[in-house]
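Undergrad: Mind folding the following:
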Amino acid sequence: MPGNISIKQIVNATLKGIESSQKKYESWTGGWWLWAGPEYLITINVAEQLSKLAGPKFITLEHSSRLALDYAGAKGKGRLPRDVREHGKVDILLWWASDAPRAVIEIKNQIYYKEQYFKDIKRIKEFLKRNSEDSSLQFGLFAFYDSADDGKRQRADEKIVGKTNRIETRVKDILGSEFSVDMNTSKMHREGNSAWRTCCILIRLKKT
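TA: Reported below is the predicted structural model:
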């Protein structure tokens, strides 16, 4: 029987799911890129790629935040932090095959401003910190798609790289020194005067 799926496999499947979303949407619409499509399309395709990985796992979508923490053994006592968004939902909850959540995955399509993702990063932070000694949660992923057109001063791919670097820096600032942050990206895809790329930030709580 296959062993546990590696984190690297999960990250790669997430990137592949976003790439699949771009290619499907472009095909369906006769050339429109994913930035014009719905975010849930990415969520579905990432979940599909994760489901194909050989090894024990379960996948649930739009899972209750409160129940996710409860199943993970991370709810603990007292009020939950506001950033958990107790009455909200997790885009994708990846489970160990033991009725316990392993990872929280949040998805974003085409980030234009920092406020689009600050709440997601703070949420992942609180999920991983909550009752961490007993929690089954191992890591969080923040995955996103980005595209750009050539400009007068910068090429499309340069714009994307610059934005990705800024996002990574801001994520590190939000999380602080308690967390490790690992940016993973697909290759840069270029067509005409435009480019796109998929990104996945791996977030882990450092063990003391």
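
Undergrad: rest of the way, CA atoms for contacts and neighbours
TA: OK.

Undergrad: residues near Cys199, how many?
TA: Cys199 has 24 neighbours, counted by other Cα atoms under 10 Å.

Undergrad: Wait, it touches Asp182, no?
TA: No - here Cys199 lies out of contact with Asp182, judged by Cα atoms under 8 Å, at a distance of 10.5 Å.

Undergrad: Distance check, Gly73 against Gly162.
TA: 39 Å (Cα to Cα, to the nearest Å).

Undergrad: oh, I was asking about Ser135
TA: Ser135 is 35 Å from Gly162, where distance means Cα to Cα.

Undergrad: Let me see the contact set for Pro38.
TA: Pro38 makes contact with Asn109, according to Cα atoms under 8 Å, 6 or more residues apart in numbering.

Undergrad: ugh, wrong one, Ile5
TA: With contact set as Cα under 8 Å, 6+ apart, Ile5 has these partners: Leu53, Ala54, Gly55, Pro56.

Undergrad: And Ser135 and Gly162? Which one has more around it.
TA: When neighbours are counted by other Cα under 10 Å, Ser135 comes out ahead of the other of Ser135 and Gly162, with 22 against 12.

Undergrad: any idea how far Ile124 is from the more buried one?
TA: With distances defined as Cα to Cα, the gap from Ser135 to Ile124 amounts to 13 Å.

Undergrad: Ok, Thr198 next?
TA: Distance, Thr198 to Ile124, by Cα to Cα: 20 Å.

Undergrad: Which phi and psi values does the residue in the chain sticking out farthest from the centre adopt?
TA: For the chain, the residue at maximal distance from the C-alpha centroid (Cα atoms, centre = their mean) is Lys152, at 31.6 Å. In terms of degrees, to the nearest 10, the main-chain angles of Lys152 are phi -70, psi -30.

Undergrad: what do you get for Glu39?
TA: Summarising the backbone geometry of Glu39 under the convention degrees, to the nearest 10, its torsions are phi -60, psi -30.

Undergrad: Now do the nearest residue to it once chain neighbours are set aside: how many residues are near it, please.
TA: With Cα to Cα, 6 or more residues apart in numbering as the criterion, Glu39 has its nearest non-adjacent residue at 5.6 Å, and that residue is Asn109. Using other Cα under 10 Å, the number of residues around Asn109 comes to 23.

Undergrad: Was I right to think Asn109 contacts Tyr117?
TA: No - taking Cα under 8 Å as the definition, Asn109 is not a contact partner of Tyr117, at 10.2 Å.

Undergrad: Sweet, I'm off.
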